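>>> fold the following and give me the result.
(one chain, ligands or ions: 2)
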Amino acid sequence: MDADWNPQAFHLMTKPRGAICNLDCEYCYFLSKEKLYPNSSFRMADNLLEAYTRQYIEAQHVPEITFGWQGGEPTLMGLEFYQLAVSYQEKYRKPGMQITNALQTNGVTLTDDWCAFFKQYNFLIGLSLDGPRALHDRYRVDKGGQPTFDRVMHGLHLLQKHGVEYNILTTVHAANADHGLEVYRFLRDEVGTEFMQFIPIVERDNLTGFQEGDRVTTRSVTGEQYGQFLIDVFEEWVRHDVGRVFVQIFDVALAAWSGQRPGLCIFEETCGVALALEHNGDVYSCDHFVEPAHRLGNIVDIPLSEIVTSPQQRDFGLAKRDTLPRYCRGCDVRFICNGGCPKNRFIKTPDGEAGLNYLCAGYKAFFHHVDEAMRVMANELAYRRSPANVMLYMRQKDAALQAAFAHAGRNDPCPCGSGLKFKRCHGRTVTG
Ligand code: SF4
Ligand code: SF4
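Residues are numbered from 1 along each chain as shown. Ligands and ions are numbered 1, 2, ... in the order given. Predicted coordinates for the structure are as follows:
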């Protein structure tokens, strides 16, 4: 085995119902995977569930593991399936091992029974919600093309009523990309969530549904839009919500600025430890590469521990680092970005090298924008103080800027540092 490749733990995104879903979200990358299994019942059999549970636990060499359930829509398996799943987890749990479950749902099928079960077994629920009604309903529709906002909010209220731990997964796409602040305030103030993830929709425009070609659909966000979305959210968060609202990419960035590993596969130097398991036992290199070229084998034939450490998976994981373009290798934010997820590396660098991330412009803009605040927070952490102190720093900085604006002349450089004349920048409303 390559000295670089000896994963002690890995994550498996399990799809017990395959790509089957009750909704028809227009940008979904997984619905087309149904074509990979013609005539399948798309249901994980009970004996396969047991074999998977045993193998997954056996293959892990850490004290805490998570079973990840996704789809399609994983609740379409029915509650009994998950009751069986937790019973198998208890049966095969190693002494002292802590097991948690994370389930990603569109929320439409949730009931009191589901939520009572989630609470009882400490499931962490990821709920998909793209913002206020009009923005959410733009692409998240059911099989009849009908909006889903009210049904998702009903599911959310059930989760809250039962005290289930949940986070909100918001995709950033053409419809909501220019509304970052509105989306953030909605999630914070109306949904009341403390945990958010903002996932960019970069959807290849092709007939296979695989990661091929360099055209994207009109639903996709652009790199610039994604960066600005994150900046708009960050500007609000860093002044009001540090320590009480957790935005995944901000946490990941702070870890990197503090000298730690980002802890999220897309920003790690290598990948390959987040695999996908289909309903029939097939294992793929990653949830975003469920396609024949990246099928590693079936756990009925090959133990999961062998699949994860196989040369094919090692090569997949290390390729993320080894194919990084020169442009990225020389980039000042490589320590956090690492070129981003390989699934989005399909544009050319300015000097014509292939393999640059489609979102590069956005990542660069965002990571540069947050540099100062991240340094302040990382410094607070280093001295065992709260990173939330950055909010005081920002208030003082804002006050100093306001004082500078009051004394700036129309043709002076703007005190904000934009490089524009004051009259063309922050002085516009004052000086006309
Ligand atoms: S391909 Fe992308 S999503 Fe998959 S493991 Fe690698 S970085 Fe993560
Ligand atoms: S910001 Fe762009 S150039 Fe820098 S590492 Fe990320 S993708 Fe590469």
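>>> how about the strands in the stretch 201-350 of the chain?
Taking DSSP state E, counting those that start in this stretch as the criterion, the stretch 201-350 of the chain contains strands spanning 246-247, 274-277, 282-284, 295-298, 345-348.
>>> three-state assignment of the closest residue in space to Phe81 that isn't next to it in sequence?
Nearest residue to Phe81, sequence neighbours excluded (C-beta to C-beta, 6 or more residues apart in numbering): Pro16, at 6.5 Å. In short, each C-beta sits where N, CA and C put it, glycine included. With DSSP: H, G, I helix; E, B strand; the rest coil as the basis, Pro16 sits in coil.
>>> list the contacts of Pro16.
Applying C-beta atoms under 8 Å, 6 or more residues apart in numbering to Pro16 gives the contacts Arg43, Met44, Leu49, Trp69, Gly71, Pro74, Met77, Phe81, His279.
>>> burial count for whichever residue of the stretch 51-200 of the chain sits closest to ligand 2?
Ranking the residues of the stretch 51-200 of the chain by distance to ligand 2 (C-beta to the nearest ligand atom) places Pro200 first, at 12.7 Å. For Pro200, the neighbour count with other C-beta atoms under 10 Å is 26.
>>> how many neighbours does His368 have?
Neighbours of His368 using other C-beta under 10 Å come to 13.
>>> that one - that's part of a helix, no?
Yes - assessed by three-state DSSP, His368 belongs to a helix.
>>> returning to what we had before: so which of the strands of the stretch 201-350 of the chain gets nearest ligand 2?
The minimum distance between ligand 2 and the strands of the stretch 201-350 of the chain falls on strand 345-348, with 8.0 Å, by C-beta to the nearest ligand atom.
>>> near ligand 2 at all, the following helix or strand past that closest one?
Under the assignment DSSP states H and E, the closest C-terminal helix or strand after strand 345-348 is strand 354-357. Yes - contact of strand 354-357 with ligand 2 (C-beta under 6 Å from any ligand atom) involves Asn357.
>>> pull out the buried positions in strand 354-357.
Gly355, Leu356, Asn357 (16 or more other C-beta atoms under 10 Å).
>>> elements contacting that strand?
helix 326-329, strand 345-348 (3 or more C-beta pairs under 8 Å, 6 or more residues apart in numbering; DSSP states H and E).
>>> any residue of the first one up close to ligand 1?
No - contact check for helix 326-329 against ligand 1, using C-beta under 6 Å from any ligand atom: none in range, with a minimum separation of 13.8 Å.
>>> name the helices or strands packed onto that helix?
Applying 3+ C-beta pairs under 8 Å, 6+ apart, we find helix 326-329 packed against strand 354-357.
>>> pLDDT averaged over the strand it packs on - what is it?
In this model, strand 354-357 has a mean pLDDT of 97.
>>> how many other residues sit next to Lys94?
There are 13 residues near Lys94, going by other C-beta under 10 Å.
>>> now it, what's its secondary structure?
coil.
>>> identify the residues contacting it.
Here Lys94 is in contact with Ile57 (criterion: C-beta under 8 Å, 6+ apart).
>>> same thing with Ala378?
Leu254, Trp257, Ser258, Gly259, Pro387.
>>> tell me which helix or strand it sits in.
Short version, using DSSP H and E: Ala378 is in helix 360-382.
>>> mind listing what's buried in that helix?
360-367, 369-370, 373-374, 376-381.
>>> what does stretch 262-282 give?
262, 264-282.
>>> now swap in stretch 242-262 and tell me
242, 245-250, 252-258, 262.
>>> where is pLDDT lowest across those residues?
Out of those, that is Pro262, at 90.
>>> and it, how far is that from ligand 1?
Using C-beta to the nearest ligand atom, to the nearest Å, we find Pro262 at a distance of 11 Å from ligand 1.
>>> wouldn't the residue of the stretch 51-200 of the chain closest to ligand 2 be in contact with Arg219 here?
No - Pro200 is beyond contact range of Arg219, at 11.3 Å (criterion: C-beta atoms under 8 Å).
>>> what sits in contact with each of the two?
His173.
>>> now the one residue in the stretch 101-250 of the chain that gets nearest to ligand 1: how far from His11?
Using C-beta to the nearest ligand atom, the single residue of the stretch 101-250 of the chain nearest to ligand 1 is Gln211, 8.8 Å away. According to C-beta to C-beta, to the nearest Å, Gln211 and His11 sit 20 Å apart.
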